[in-house]
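# coords please:
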Amino acid sequence: MTGEEHPIQVLCDMHVIPMLMFLRENGPSTKTAIYTAVDRSANMPAKIRRMEDAGLVTVDVVGISEVVALTDLGGSVADVLLRIEGMMALQSP
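The predicted structure follows:
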């Protein structure tokens, strides 16, 4: 895939999977809540933007806050990740 990023590549970014799982568990959340729960690095807004560009989340302004929510695709991806987590937990010693 020369010059083109594979769609699954967004999941390789640090903190993307934890953000998806946080949103799956907590529902639509402010960016502040996500940063508090996952990480407060300066790169987090760009990661959320990349997730939005990939169709995994939406970002809407509500009052003075930005609220991030899973899309149908994002919810499906989070569900698959949860199943993978369960399978891996069964294999742990």
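
# mind showing which ranges of the protein have poor pLDDT?
Filtered on pLDDT under 70, the chain yields the residue ranges 1-4, 92-93.

# if we go to 90?
Within the chain, the stretches with pLDDT under 90 are 1-7, 88-93.

# What count of nearby residues applies to the residue nearest to V10 when sequence neighbours are not counted?
Closest residue in space to V10, ignoring its immediate chain neighbours: A54 at 4.5 Å, by Cβ to Cβ, 6 or more residues apart in numbering. C-beta coordinates here come from the backbone N, C-alpha and C atoms, glycine included. Counted by other Cβ atoms under 10 Å, the residues lying close to A54 total 19.

# how close does the residue lying closest to P7 once chain neighbours are set aside sit to S29?
Excluding the flanking residues, the one nearest P7 by Cβ to Cβ, 6+ apart is A54, at 6.5 Å. Going from A54 to S29 by Cβ to Cβ, to the nearest Å gives 18 Å.

# Likewise for R83?
Relative to S29, and taking Cβ to Cβ, R83 is found at 22 Å.

# Of these two, which one has the most company?
S29 (21 against 10).

# residue contacts, the more buried one?
Residues counted as contacts of S29 (Cβ atoms under 8 Å, 6 or more residues apart in numbering) are F22, L23, V67, V68, A69.

# who's it bridged to?
V68 (DSSP bridges).

# for the spatially most central residue of the chain, helix, strand, or coil?
Geometric centre of the chain, nearest residue: L20, 3.0 Å, by Cα atoms, centre = their mean. Look at L20: counting by DSSP: H, G, I helix; E, B strand; the rest coil, its state is helix.

# before we move on, the earlier item: as CSV, the contacts of S29 with neighbour count and distance to V10 would be great.
Compiled in CSV, the contacts of S29 are given as follows (neighbours: other Cβ atoms under 10 Å; distance: Cβ to Cβ, whole Å):
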residue, neighbour count, distance to V10
F22, 19, 16
L23, 24, 14
V67, 18, 20
V68, 23, 14
A69, 14, 17
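
# closest to I48 among these?
Among those, V68 lies closest to I48 (Cβ to Cβ), at 6.0 Å.

# Identify the spatial nearest neighbour of R49, chain neighbours not counted.
V59 (7.9 Å).
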